[in-house]
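Engineer: Sequence and predicted structure, then a few things I'm wondering about:
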Number of protein chains: 2
Amino acid sequence: MRIRIIELNRIRDPELNRISAYCSGNASPEWGIAMSGKRSPARRPTMKDIARHAGVSQSAVSFALNGRPGVSDDTRERVRQVAEELGWRPSTAARALSGEGAATVGFVLARPADTLGVDSFFLQLVSGIQEVLAERHLGLLFQVVEDIAGECAVYRRWWAEHRVDGVLVVDPRTDDPRPGLLDELGLPAVVIGGAPDDRHPGLSTVWADDAGAMASVVDGLYALGHRRIVHIAGLPGLAHTERRVRTLRAEAGRRGLSEVKSVTTDYSDAEGAAVTRRVLEGPTPPTALIYDNDVMAVAGAAAASELGFSVPADVSVVSWEDSALCRMVKPWLSALSRDSVEFGRTAARELTALLDGGSARAVRVPVPRLIPRQSTGAARTP
Amino acid sequence: MRIRIIELNRIRDPELNRISAYCSGNASPEWGIAMSGKRSPARRPTMKDIARHAGVSQSAVSFALNGRPGVSDDTRERVRQVAEELGWRPSTAARALSGEGAATVGFVLARPADTLGVDSFFLQLVSGIQEVLAERHLGLLFQVVEDIAGECAVYRRWWAEHRVDGVLVVDPRTDDPRPGLLDELGLPAVVIGGAPDDRHPGLSTVWADDAGAMASVVDGLYALGHRRIVHIAGLPGLAHTERRVRTLRAEAGRRGLSEVKSVTTDYSDAEGAAVTRRVLEGPTPPTALIYDNDVMAVAGAAAASELGFSVPADVSVVSWEDSALCRMVKPWLSALSRDSVEFGRTAARELTALLDGGSARAVRVPVPRLIPRQSTGAARTP
DNA sequence: TTTAGTGACTAATGCGCATTAGGATCATCG
DNA sequence: CGATGATCCTAATGCGCATTAGTCACTAAA
């Protein structure tokens, strides 16, 4: 049916080839499908088909399938069965067009392609997000861009194209343009990892208490006798980096520790190792290192060993991210563990709540727990 | 405008809350947006708006913006400018509905959530795919499912919902139900990592020559004097696993090596280490180990060291996947390196070609190169 | 017996866009 | 000078669905 139409179009307008996408899957390039013996691709059933099969009007079908009043229980059941038999599913395009939203949620990852390294966090996060979205048949539109500007452009485009009903924002920054933009566009959004923000009451937030975690890590290290601590932090602009850095400074101040500092990096193994070398080669090397991710922790621990520092005898190492990596090196790295999959689930749940008309709120997920392994120990008393 | 409509609906049908998604972004839960002083969210401009501003009919706008004949160059330019000013973008829903396809490509990852570990391959692959799709404003719909059956269900749903124009299939298996299904649905698809398959001429394939790579690895190890080689392979059902296993057997047969074998695993660090221990503790331990991914290689190398085997003096290690991981352990692991991002780009390009009406084909990407590092060396002569 | 009311439907409309079928207004040619 | 095309536009239609406005038959109330 559709095929024939395409053929006609083809004849009338030779350069019109976009439509051909529909049948290119198993069509020969010669447009011979309908004529050749080959089975043509199955046709999507529509409500009209259901109506015909069930002997009612389209509207009745719509009422029946959407649980609206206006049809008898008998008819409703019959329509449902026919729909089932035909394998009908509502066309998201048509639904979106008639005001229902696109049944899709957007997720943008802003980082250069070559920076996409060994990082289990995002895949797990996305996996958790999926789990919740899938239950409600919501799709996840995923995009990787170079930077925040690109991310904003994507949001604008998605909004203008009517592609998504809401978005999940990751890696919030201090002075971030995204919340404002999303507010302006009226696009429901959940910020993952951002602290609650009064300026954008329309956005929900799902966040971990980095401050609390940092405080407890410092507590632990202090109790082990560590007085010189270096925090090899992540990207400087990120909100959670700032929170950690600030908390570390506060904790140090509270205890009167002067040789405690944070150094920001780009999260790469290379910088992690480089910074480690730099601080350990200084006049008064730290006795404890806190790394903002597992990759840097592993690279840093290796760098320390190379310099002749024994872990944990000479220097303790804590990874702010737990993964298989931490158990793939010797000594096993003590790490702050959080459930990234659950984090994703929570974020997705908040977004669906928002889509259902709920009001925005800030949800705090459990403080990451420190899993003590072999890389932390008492500070060597000088 | 829309707001008012929603309010009316709300009054008539209190339990109708799906529509609310549109304004929940910055709407108070009280539906007071229109009345309150707050700026209501911007409204999407449509072609009607453009037509009004430009003083022409909607059709003229359509012709102008789609490069169709029927409007003067003057008008065309004017319309384009207005569209630009208004920040207009075609509604994908409307486009899809009028037969243009959904401007979206699907990607399903079939693996249990907890198996989503440290794996840079997929993120890089997706990143490459994105790069190509983004150029053409094609969206990527991403979904994680538990298994192949779930994946098939997703394809069916996407097809019935008219959500995607084509899909990218990863991890092809021997005796895979997916190509047949996609053929049946007439959904254009590119199989990533599968060998060319005559049975489904409608599907394109992008694949690496695992056989060639395996042969060259065996060549290299043989030249170094290795005669007892164990291949710690990935999942048994996967097409590329089978290719590698078969090739290894053939190569061994060709050289008359009897102590060469493959052991399949689940790709996890745990199994990688376990299998390593088992084979090294046997009566005649292998002198070379080939791991099907970086995670197992690292875990395996560590396990070997723990057993007292020195790498590479006692046993050589090759990782069939290069990543930062391979340079994060000592000794650095020799690895087969491929450009996953480019792999993704190639796959995406094949799919867009298919969507443009091109015919299916099988594209071979370059054979992965072996990067010799510190983990491979001459076999200890017994 | 008329009137109002209700339950169960069908017809008709709009969403935003692509496309087709028709006008109008010209210039060109026989 | 009227017929024939071009050229440039506008009106109208359909995609698949949700929704609104009828319609019709039947029942309960007045």
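Structural biologist: In hand now; what should we look at?

Engineer: if I look at A:Gly344, how far off is B:Gly308?
Structural biologist: 42 Å (Cβ to Cβ, to the nearest Å). In this view, the C-beta of every residue, glycine as well, is placed from N, C-alpha and C.

Engineer: again, but for A:Glu146
Structural biologist: A:Glu146 sits 48 Å away from B:Gly308 when distances are taken as Cβ to Cβ.

Engineer: and stretch A:312-319, how far apart are its ends?
Structural biologist: Across stretch A:312-319, the terminal residues are separated by 13 Å (Cα to Cα, to the nearest Å).

Engineer: now check that stretch, is it near chain B?
Structural biologist: No. Counting by Cβ under 8 Å from any Cβ of the partner chain, chain B has no neighbours in stretch A:312-319; the shortest distance is 12.6 Å.

Engineer: Pull the residues that contact that stretch.
Structural biologist: By Cβ atoms under 8 Å, 6 or more residues apart in numbering or on different chains, the residues outside stretch A:312-319 that reach it are A:217, A:221, A:224, A:226, A:280, A:285-291, A:293-294, A:296-298, A:300-301, A:304, A:309, A:311, A:326, A:331, A:333-336, A:370, A:374-377, A:379-380.

Engineer: mind checking pLDDT for whichever residue of the stretch 201-350 of chain A sits closest to DNA strand C?
Structural biologist: DNA strand C sits closest to A:Gly202 of the stretch 201-350 of chain A, with a gap of 21.7 Å, by Cβ to the nearest atom of the strand. Looking at A:Gly202, its pLDDT stands at 86.

Engineer: before we move on, what about A:Ser28?
Structural biologist: The pLDDT attached to A:Ser28 in the predicted structure is 28.

Engineer: so where does the nearest residue to A:Ser258 once chain neighbours are set aside fall, helix or strand?
Structural biologist: Taking Cβ to Cβ, 6 or more residues apart in numbering or on different chains, and ignoring the residues beside it in sequence, A:Ser258 has A:Ala252 as its nearest neighbour in space, at 7.6 Å. A:Ala252 is part of helix A:239-255, with elements assigned from DSSP states H and E.

Engineer: Going by neighbour count, which residues of that helix are buried?
Structural biologist: Within helix A:239-255, the residues scored as buried using 16 or more other Cβ atoms under 10 Å in any protein chain shown are A:Ala239, A:His240, A:Thr241, A:Glu242, A:Arg243, A:Arg244, A:Val245, A:Thr247, A:Leu248, A:Arg249, A:Glu251, A:Ala252.

Engineer: Just list what that helix packs against, helices and strands only.
Structural biologist: Applying 3 or more Cβ pairs under 8 Å, 6 or more residues apart in numbering or on different chains; DSSP states H and E, we find helix A:239-255 packed against helix A:210-223, strand A:229-233, strand A:260-264.

Engineer: which residues sit in contact with the residue nearest to A:Ser258?
Structural biologist: A:Val218, A:Ile229, A:Ser258, A:Val260.

Engineer: From DNA strand D, how far out is the spatially closest residue to A:Phe121 that is not a sequence neighbour?
Structural biologist: Closest residue to A:Phe121 apart from its sequence neighbours, by Cβ to Cβ, 6+ apart: A:Ser340 at 5.3 Å. A:Ser340 sits 35 Å away from DNA strand D when distances are taken as Cβ to the nearest atom of the strand, to the nearest Å.

Engineer: from memory A:Ser340 sits against A:Val126, does it?
Structural biologist: No. Assessed by Cβ atoms under 8 Å, A:Ser340 is found out of contact with A:Val126, at 9.4 Å.

Engineer: between those two, who's got more neighbours?
Structural biologist: Set side by side, A:Ser340 and A:Val126 show more neighbours around A:Val126, with 28 against 23, by other Cβ atoms under 10 Å in any protein chain shown.

Engineer: Now the more buried one: closest residue in space that isn't a chain neighbour?
Structural biologist: Spatial nearest neighbour of A:Val126, chain neighbours left out: A:Gly344 (6.4 Å); criterion: Cβ to Cβ, 6+ apart.

Engineer: Distance check, the one you found against A:Ala215.
Structural biologist: 25 Å.

Engineer: between those two, who's got more neighbours?
Structural biologist: The residue with more neighbours, out of A:Gly344 and A:Ala215, is A:Gly344; 28 against 17, by other Cβ under 10 Å.

Engineer: Looking at the helix or strand the more buried one falls within now, give me its mean pLDDT.
Structural biologist: Following DSSP H and E, one finds A:Gly344 within helix A:340-355. pLDDT averaged over helix A:340-355 equals 96, rounded to a whole number.

Engineer: Now do the helices in chain A.
Structural biologist: For chain A, the helices identified by DSSP state H occupy A:2-12, A:47-54, A:58-65, A:73-86, A:92-95, A:120-135, A:148-161, A:177-185, A:210-223, A:239-255, A:269-280, A:294-306, A:340-355, in order along the chain.

Engineer: of all these, which gets the most neighbours per residue?
Structural biologist: Comparing the helices of chain A by mean neighbour count (mean count of other Cβ atoms under 10 Å in any protein chain shown), helix A:294-306 comes out on top with a mean of 25.
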